[in-house]
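Just the structure for this:
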Amino acid sequence: MEDGHPGQAHERGSGTVLAAGLGMVVMVAMALMLLLAQSAVMASRAAAAADLAALAAADALRGISQGVPCTVAADVAGRHGAKITSCTEGGSNTVEVRTELLTRSMFGAATGHARAGPPP
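Predicted coordinates:
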């Protein structure tokens with residue numbers, strides 16, 4: 001099977017192995033990108049839950065809506081798939097809320113933090 005090129009028989013199929021290896025690298029890179037995108041979406045959801053919970057709690061604290069501020073915050077966060085990890089009423093009718101999503105990713109739980117109060 002010698003075509004005048006020594007060593008050619010030993011290189012048969014090397015392109016297939018190289019293509020398979022390159023395909024695996026591309027698949028692993030895409031999987032990592034999907035995991036990072038999922039983490040970014042979950043972080044955004046946790047931040048949105050914290051924002052909405054803090055706004056609702058601040059409204060309750062100022063008497064604009066009914067309810068106990070931190071209870072209202074927990075209810076709003078729960079409707080957005082999160083739980084309140086801390087809720088603190090501060091000075092000047094402000095409320096600070098920290099949330100954690102109920103669903104977890106491979107990188108752990110996504111958390112959010114927000115503070116809300118009356119306009120300056």
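
Strands of the protein, start to end?
82-89, 95-105, 108-116 (DSSP state E).

Run through the bridge partners of Gly108.
Under DSSP bridges, the beta-bridge partners of Gly108 are Ser105.

neighbours of it, just the number please.
Here the number of neighbours of Gly108 (other Cβ atoms under 10 Å) works out to 10. All C-beta atoms are positioned from the backbone trio N, CA, C, and that covers glycine.

What of Val26?
The number of residues near Val26, taken as other Cβ under 10 Å, comes to 10.

show me where the chain has helices.
14-62, 69-79 (DSSP state H).

before we move on, the earlier item: give me whichever of the strands of the chain is most buried.
strand 95-105 (a mean of 20; mean count of other Cβ atoms under 10 Å).

For Cys87, list the residues it contacts.
Residues near Cys87 by Cβ atoms under 8 Å, 6 or more residues apart in numbering: 53, 57, 69-70, 73-74, 95-98.

Looking at those residues, which is nearest Gly117?
Checking the contacts of Cys87 against Gly117 by Cβ to Cβ gives Val95 as the nearest, at 6.8 Å.

For that closest one, give me its contacts.
54, 57-58, 61, 69-70, 73, 87-89, 115-117.

try 7 Å this time
54, 57-58, 61, 69, 73, 87, 89, 116-117 (Cβ atoms under 7 Å, 6 or more residues apart in numbering).

got CSV for these, with pLDDT too?
CSV is the format used below for these (pLDDT from 0 to 100):
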residue, pLDDT
Ala54, 96
Ala57, 95
Ala58, 94
Leu61, 92
Pro69, 94
Ala73, 95
Cys87, 95
Glu89, 92
Ala116, 93
Gly117, 88
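
now the strands of the chain in TSV, with distance to Leu22?
Converted to TSV, the strands of the chain look like this (distance: least, Cβ to Cβ, whole Å):
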stretch	distance to Leu22
strand 82-89	41
strand 95-105	28
strand 108-116	32
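
how near is Ala29 to Thr16?
Ala29 sits 21 Å away from Thr16, going by Cβ to Cβ, to the nearest Å.

cool, Ala114 as well?
In terms of Cβ to Cβ, Ala114 sits 54 Å off from Thr16.

Many thanks, we can stop here.
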